[in-house]
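Trainee: Task: produce atomic coordinates for the following.
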Amino acid sequence: MGAEEPLPSKNNGDEGLKVRPKLEAEPPLVLGLQPAALVDHVARVDGSLLDQIPGDRGGSSPVAIEELEHILSEVRAHILASPDDQLPMKSMAGGSVANTIRGLSAGFGVSCGIIGACGDAEQGQSFVSNMSSYGVNLSRLRMKKGPTGQCVCLVDALGNRTMRPCLSNAVKVQADDLTREDFKGSKWLLLRYSNSI
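Mentor: The predicted structure is shown next:
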């Protein structure tokens, strides 16, 4: 993946140094701008859990971190068994931009990178590990002190998704964090438009 620079571990050296790739000689063809990294927790669950959580079934409704943690604690009791799934819940990098960038990189071999910020704890490391395992250039991803966004994605027996994202306390890249160097050499920029945060 190229040269790497060490990032200090928050565990006082217990795990050693974390690494982040340095800018590579060839910039990615496609860049995705996702201000806040997001980790999706995906599980197939029975309908009784969906009846207990706030908001309507299906779609996406933001929740506070306490509600997200409560939903995650309830998931194990409501898992739908599936012979195809070896794990009851899968956690992976998420968000529409990250999903598209990962798909272009892994599925089509397109040189891709992501611009954004992730937290310095376990969820941030999970986002970095997942995206880098698919060949996504992370040299423009900032690691900041604080939490990474999370989303619980509950899938019912019919395959309908109910999502409960928590981004309110997530670290984000701000407009004044971005530089011309972040975009230099790339041909395409992918972003998600939303009139709400």
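Trainee: now the strands for the protein?
Mentor: 4-7, 18-21, 30-36, 38-44, 59-60, 89-94, 112-119, 141-144, 149-155, 161-166, 188-191 (DSSP state E).
Trainee: same for the fifth one, what does it pack against?
Mentor: It refers to strand 59-60. Counting contacts by 3 or more Cβ pairs under 8 Å, 6 or more residues apart in numbering; DSSP states H and E, strand 59-60 is packed against strand 161-166. C-beta: built from backbone N, CA, C; applies to glycine.
Trainee: Over to the longest one?
Mentor: Applying 3+ Cβ pairs under 8 Å, 6+ apart, one finds that strand 112-119 makes contact with strand 30-36, helix 96-108, helix 122-133, strand 141-144.
Trainee: Adding distance to residue 131 as columns, could you present the strands of the chain in JSON lines?
Mentor: Below are the strands of the chain laid out as JSON lines (distance: least, Cβ to Cβ, whole Å):
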{"stretch": "strand 4-7", "distance to residue 131": "15"}
{"stretch": "strand 18-21", "distance to residue 131": "11"}
{"stretch": "strand 30-36", "distance to residue 131": "10"}
{"stretch": "strand 38-44", "distance to residue 131": "11"}
{"stretch": "strand 59-60", "distance to residue 131": "21"}
{"stretch": "strand 89-94", "distance to residue 131": "5"}
{"stretch": "strand 112-119", "distance to residue 131": "7"}
{"stretch": "strand 141-144", "distance to residue 131": "8"}
{"stretch": "strand 149-155", "distance to residue 131": "14"}
{"stretch": "strand 161-166", "distance to residue 131": "18"}
{"stretch": "strand 188-191", "distance to residue 131": "14"}
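Trainee: hmm, what's the outermost residue in this structure?
Mentor: Distance to the chain centre peaks in the chain at residue 48, reaching 26.9 Å (criterion: Cα atoms, centre = their mean).
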